[in-house]
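# this is a predicted model, with the sequence first.
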Amino acid sequence: MRQLVTTPKFRRAYRKQAKRDRVLQGHIDDVLRQMQTDVFASVLGTHKLSGALSGLWACSCGYDCRVIFSLETE
């Protein structure tokens with residue numbers, strides 16, 4: 001199982017979204033749980049980013065929300 005490490009920037013954005021939209025908060029929570037078990041699950045739509053965000057990955061939390069992350073090995 002993977003360990004998720006969140007940044008202060010993510011935590012601020014999460015709190016802000018949670019105040020605005022409780023449904024979206026539930027979707028984000030579900031995505032984070034799924035990422036812990038299998039970050040490449042097909043329902044997440046995990047994909048590499050390019051350009052300025054090259055080297056990072058993203059997965060979808062809904063139509064207009066995505067989680068951007070990096071994969072690090074121990």
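Looks like it arrived, so ask away.
# the one residue sitting closest to the centre of the chain in helix, strand or coil?
The residue lying closest to the centre of the chain (C-alpha atoms, centre = their mean) is Val67, at 2.8 Å. Counting by DSSP: H, G, I helix; E, B strand; the rest coil, the backbone at Val67 sits in strand.
# for it, give me its contacts.
28, 31-32, 35, 58-59, 61 (C-beta atoms under 8 Å, 6 or more residues apart in numbering). C-beta: built from backbone N, CA, C; applies to glycine.
# could I get these as a markdown table with pLDDT, distance to Arg15 and neighbour count?
What follows is these, written out as a markdown table (pLDDT from 0 to 100; distance: C-beta to C-beta, whole Å; neighbours: other C-beta atoms under 10 Å):
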| residue | pLDDT | distance to Arg15 | neighbour count |
| --- | --- | --- | --- |
| Ile28 | 91 | 11 | 20 |
| Val31 | 92 | 16 | 20 |
| Leu32 | 92 | 14 | 16 |
| Met35 | 91 | 19 | 19 |
| Ala58 | 95 | 20 | 16 |
| Cys59 | 93 | 20 | 20 |
| Cys61 | 87 | 15 | 21 |
